[in-house]
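J.: This is a predicted model, with the sequence first.
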Amino acid sequence: MSDEVTLVVPADEECRPIVHLVVGGLAARLDLTMDTLEDLQVALDALLARRDDGGDVHVRIVFDDEVMRATVGPLPLQVIDDLDRGGGELGLRRVLETVSESFEAEERGGEAWVELSKRTAAPAGAGG
């Protein structure tokens, strides 16, 4: 089973709660844990905070049985440099490393787009 939603919202900070509302609704419908939901929201906030202007930002979220994938863009190209940079500072790379399974940034038409994934269920065969 797969659920998908694509949002196009203004990039300004006042519209970020719309993304939270939609992600929260999907998470409740799919019975995700609060920890998973909070990780998703932290990751999305870290990316959405890179834009605060009059343009639109696209957020595409796909949930399947075990993994959520989110694609966010367009973002400033500086995001790619920030993600490529290592180091111990609490930057975008460290945030995404902490709350997602993987992430990747690519340039599309002079702008950055970031895709991240988050496991939403225990892997098959995992037990406790």
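T.: Arrived safely.
J.: looking at it, residue 43 is touching residue 97, isn't it?
T.: No. Contact criterion C-beta atoms under 8 Å: residue 43 and residue 97 do not qualify, at 10.2 Å. The C-beta positions use only the backbone N, C-alpha and C, and glycine is treated the same way.
J.: Those two: which has the busier surroundings?
T.: The neighbour comparison of residue 43 against residue 97 (other C-beta atoms under 10 Å) goes to residue 43, with 24 against 13.
J.: Excluding chain neighbours, what is closest to that one?
T.: Computed as C-beta to C-beta, 6 or more residues apart in numbering, the closest residue to residue 43 that is not its neighbour in sequence is residue 99, at 4.8 Å.
J.: Same check on residue 115?
T.: In this structure, residue 115 finds its nearest non-sequential neighbour in residue 71, 4.6 Å apart by C-beta to C-beta, 6+ apart.
J.: wait, what's in contact with the residue nearest to residue 43?
T.: Applying C-beta atoms under 8 Å, 6 or more residues apart in numbering to residue 99 gives the contacts 39-40, 42-43, 118.
J.: Of those - the most surrounded one?
T.: In terms of neighbours by other C-beta under 10 Å, the contacts of residue 99 top out with residue 40 at 26 neighbours.
J.: ok, residues contacting stretch 73-92?
T.: If you take C-beta under 8 Å, 6+ apart as the criterion, stretch 73-92 is touched by 46-47, 50-51, 55, 57-58, 93-94, 96, 103, 105-114.
J.: Kindly give a single PyMOL line that selects the buried subset of those residues.
T.: Under the burial definition 16 or more other C-beta atoms under 10 Å, those of the contacts of stretch 73-92 that qualify are selected in PyMOL by:
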select buried, resi 46+47+50+51+57+93+96+103+105+112+113+114
